[in-house]
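K.L.:
Predicted model follows, preceded by the sequence.
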Amino acid sequence: MEIITLQSFLIVSLILFLTGLYTIVSRKNIIGIYMGIELILNSSALNFASFSRFAGRGLEGQVFSIFIIVLAAAEAAVALALLLAVFKRQRGIDADKLNILKG
Amino acid sequence: MGNLESIRYFAPEGFLSVFIITFLIAGLLRRKTFSKSSFSCIAGTAGLFLTLILELCINTGYPDAIVIFSGMLKLDALSHLFKILCISSSILLFLFSYSSRETSDSLKEPMEYALLILSCTLGMMLLVSSSNLLMMYLSLEFLSLTAYMLTGFTDKNEKASEAAMKYLLYGGAASGIMAYGLSLLYGITGSLDYSGIHRFIAENNSGIILYISMIFIFTGLGFKIAAFPFHAWCPDVYEGALTPFTAFLSVGPKAAGFAVIIRFFYQIFTVRGEGDVLTVLGSADWPAMLAIISALTMTFGNLAALRQKNIKRLLAYSSIAHAGYMLMAAASLTILGIVSVFFYLSVYFLMNFGAFLVVIAVSNEFNSDEIEDYEGLAWKNSKGAFLASMFAVFLFSLIGTPPFAGFIGKFYLLLSILQPENPIYWLAVVAVINIIISLYYYARILKTMFLSRRQKGTALSGFERGQYLQYSLMAGLALFSIIFGIYWSPLNNISMLLENFIH
Amino acid sequence: MNIEIKEIVFISIVLLTIAPCSVVAFSRNILYSAFALFFTFIGTSGLYFFLDADFLAIVQLAVYIGGVLVLLLFAILLTKNIDDIKKTNTISLRRSITAGITVLVLFFSLFFVFLSTGWTPLNGGAAYPNGTIHELGRLILSKYLLPFEIASLLLLAVLIGSLVLAGKTVRQRED
């Protein structure tokens, strides 16, 4: 039985994706939620790279992965800056306490 | 077309990029001058005006579309018209910020504010013309990231950074899910170009996986237009951000979102057959998906708007409902549908910006956005009467009563889903019911302003010298909302350029 | 069934990637979650080597671990009192049940869809034994030149914006 196949990579990245989704929905801490987002981005980058390698889709997939990583870093910078701004006001970063605005 | 030849067609965006960098350098060298918010706003407006002129002069990308930068961008009627809409909404954002006291008081770094608005505009311009998944994702993120930062820009208002954080968390999740969907689409078709994907889907049967990837991708796109169930950020962000930016957010990025939805679905998953009949390509029935989402979006938006006390939140829910109406036309799978989405967006541009401008003017007076402050506004003094009557024009247009432009827009939207080739009767019924529901909450504001004669609350100041820009903008927007309600054929002719956008 | 060394390594890297995910999702201590994320990122980087994506693996190590994760750790340390770190990453029970059910349903449906889809290889399944850096560089500077340049403008905007957003905080603390 072949182990290193496209399908096994897809399933690994599916697990990463769904764990990320679960983390985003269930966490209360803003950084915790943000970690979920990072997991999702990571899984999509992995998906792109595996399609690029196994299904012979050319290197474009890897280019996309690089851009995902770059954008994730940019987003992390914005997230940190906003986090500091929120923290200054609330002395805490519980997402459930973001309640000046009622949803 | 290769990179070097493409630059000629890239002039508007290229100019804007150069302008951004020049603006930054000039701002660093002349900090004193740029720290006046009026100067930064005027400089930004000037830059955007030049971009708009370049866009009008250079890009005549229709009827034949031009593909530039090896397939990254496609210049056609869709990108041209939506770019004009997006640039105009950024110009209005600058003018609103210039004339709003809330903004000029709380902006400590106007140079950076202007810079982010310019970058946001660049993101929108790229987004509406991108015809490659990578370019689309990148420019979507460009737009989103600048929008997060602009939402949290003020520190006067304690809600702002919180709203921005919420926006970022929802937006990050949505774009992550979208990236996963894009990876699946890439895996199925092996191409990132829209044309390559189109070709693959036309030749192969791809099964259920295509549907799954489409749903994931729509998460990111639906987030941009605040469609149900990706709307949760919308009221909070609208309430927390500076009001000029809220007005912008409800028009500019939404228009860009619709452009990218139309391009994505109509360019990849649609074929134009005999007699201009459009048919779905591939195994996924996306018009049905869009139709269901649009019905949910408008119903949810209108029902939630019924019990709002804050005017900005009310307009936020109303903008969700309007996104539902427009998505309905996008789901119609007719050429008239695309045309009417643009027609409605340009009408919506007039009436929504106008409504928000009244909100800005009133909140400059009272420092609050509660609906009860509008009580008896019409009877306070001449300025109150002016503001109230302007607001009435915009609200009647938003409801969609003749003779205002909103009526014609809604008429076109409904007409597009009742076309003989692909009618969706249930959706039309849902839309009509929704328009009737929306009557209630718009009429409630009108009632508060006109029918209550109790002169409660603070007195209103008279017309001010420095605010004539605001009044004339308001009057201009109202005038056009009425003109296009009576004589709409110019706008219709412009929208009709979209007819040839699918080949 | 004979398992080669390569496959053993692969399985262990997969485990290294997936196992810490549960810590990220379930741990009540945010620092543990952050360090678990570190192992997941390293594992993903290892998986990239199996995909002949050597450049991507390096970028993953440099940007994700050197950039994003360090930012996250900074964020944690800047915003939390270290004494109550054990209860810093709580889970909302109501939401976690809904999320759990959704995720399980999604997992099984997508699992079968992935296995049943053909994923027809195009161009005969190309591998890149000589490394991808050369080819990637050519691609980024030819076809993907525009996104590359736009990404730099994006980073500029992000730099300025986050300076303002975070700088405000710093300045107000000094006052």
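P.N.:
Received the coordinates, thanks. Residues are numbered from 1 along each chain as shown, chains lettered A, B, ... in the order given.

K.L.:
any low-confidence regions in chain B?
P.N.:
Scanning chain B for pLDDT under 70 picks out B:59-63, B:155-157, B:454-458, B:503.

K.L.:
Let me see the mean pLDDT of stretch A:65-76.
P.N.:
Per-residue pLDDT values over stretch A:65-76 give a mean of 93.

K.L.:
Name all residues that make contact with the residue nearest the centre of chain C.
P.N.:
In chain C, the residue lying closest to the centroid (CA atoms, centre = their mean) is C:F41, at 5.5 Å. By CB atoms under 8 Å, 6 or more residues apart in numbering or on different chains, the residues touching C:F41 are A:N42, C:Q60, C:L61, C:Y64, C:I65, C:L69. Any C-beta I mention is one placed from the backbone N, CA and C, and that applies to glycine too.

K.L.:
Report the secondary structure state of it.
P.N.:
For C:F41, the assignment made with DSSP: H, G, I helix; E, B strand; the rest coil gives helix.

K.L.:
quick one, phi psi at B:S332?
P.N.:
phi -70, psi -20 (degrees, to the nearest 10).

K.L.:
my read: it touches B:I424, true?
P.N.:
Yes. Look at B:S332 against B:I424 with CB atoms under 8 Å: they come within range, at 6.9 Å.

K.L.:
out of the contacts of C:F41, which one sits closest to B:S368?
P.N.:
Each of the contacts of C:F41 was checked against B:S368 using CB to CB; the closest is C:L69, at 43.1 Å.

K.L.:
so the closest one touches C:A34, yeah?
P.N.:
Yes. With contact defined as CB under 8 Å, C:L69 reaches C:A34; the gap is 6.9 Å.

K.L.:
contacting residues around residue 67?
P.N.:
All of this refers to chain A. B:L134, B:Y137, B:L138, C:P147, C:A151.

K.L.:
The intended chain is chain C.
P.N.:
A:A73, A:A76.

K.L.:
my guess is it is in a helix, correct?
P.N.:
Yes. Membership of C:G67 in a helix is supported by three-state DSSP.

K.L.:
And it, how far from chain B?
P.N.:
Using CB to the nearest CB, to the nearest Å, C:G67 is found at 16 Å from chain B.

K.L.:
Next one: that residue, what pLDDT does it get?
P.N.:
pLDDT at C:G67 comes out at 86.

K.L.:
Which residue ranges of chain A form strands?
P.N.:
Using DSSP state E, no strands are found in chain A.

K.L.:
Quick check: buried residues in the longest helix seen in it?
P.N.:
As assigned by DSSP state H, the longest helix anywhere in chain A is helix A:60-90. Of the residues in helix A:60-90, A:60-88, A:90 count as buried by neighbour count, 16 or more other CB atoms under 10 Å in any protein chain shown.

K.L.:
Spell out which parts of the stretch 101-250 of chain B neighbour chain C.
P.N.:
B:108-109, B:112, B:115-116, B:119, B:122-123, B:126, B:134-135, B:138-139, B:141-142, B:145-146, B:149-150, B:152-153, B:155, B:161, B:187-188, B:190, B:204, B:206-209, B:212 (CB under 8 Å from any CB of the partner chain).

K.L.:
taking these one by one, which sit in helices?
P.N.:
B:112, B:115-116, B:119, B:122-123, B:126, B:134-135, B:138-139, B:141-142, B:145-146, B:149-150, B:161, B:187-188, B:208-209, B:212.

K.L.:
Which one's more surrounded, C:L69 and C:A34?
P.N.:
C:A34 (23 against 20; other CB atoms under 10 Å in any protein chain shown).

K.L.:
check contacts around residue 14.
P.N.:
With no chain named, the answer covers chain A. A:L14 neighbours (CB under 8 Å, 6+ apart): A:S43, C:F107, C:L110, C:F111, C:F114.

K.L.:
that's the wrong chain, I meant chain C
P.N.:
A:S8, A:V12, C:G43, C:L47.

K.L.:
how about a cut-off of 7 Å?
P.N.:
Counting by CB atoms under 7 Å, 6 or more residues apart in numbering or on different chains, C:V14 touches A:V12.

K.L.:
Phi and psi next, for it.
P.N.:
phi -60, psi -40.

K.L.:
what does chain C have sitting close to chain B?
P.N.:
C:110, C:113, C:117, C:119, C:122, C:143-147, C:150-151, C:153-154, C:157-158, C:160-161, C:164-165, C:168 (CB under 7 Å from any CB of the partner chain).

K.L.:
So which of the contacts of A:F67 wins on neighbours?
P.N.:
B:L138 (28 neighbours).

K.L.:
does the nearest residue to that one once chain neighbours are set aside sit in a helix, a strand or a coil?
P.N.:
When the adjacent residues along the chain are set aside, B:L138 lies closest to C:P147, with 5.1 Å between them (CB to CB, 6 or more residues apart in numbering or on different chains). Secondary structure of C:P147, reduced to three states by three-state DSSP: helix.

K.L.:
buried residues in stretch B:408-422?
P.N.:
B:I408, B:G409, B:K410, B:F411, B:Y412, B:L413, B:L414, B:L415, B:S416, B:I417, B:Q419, B:N422.

K.L.:
All set, thanks.
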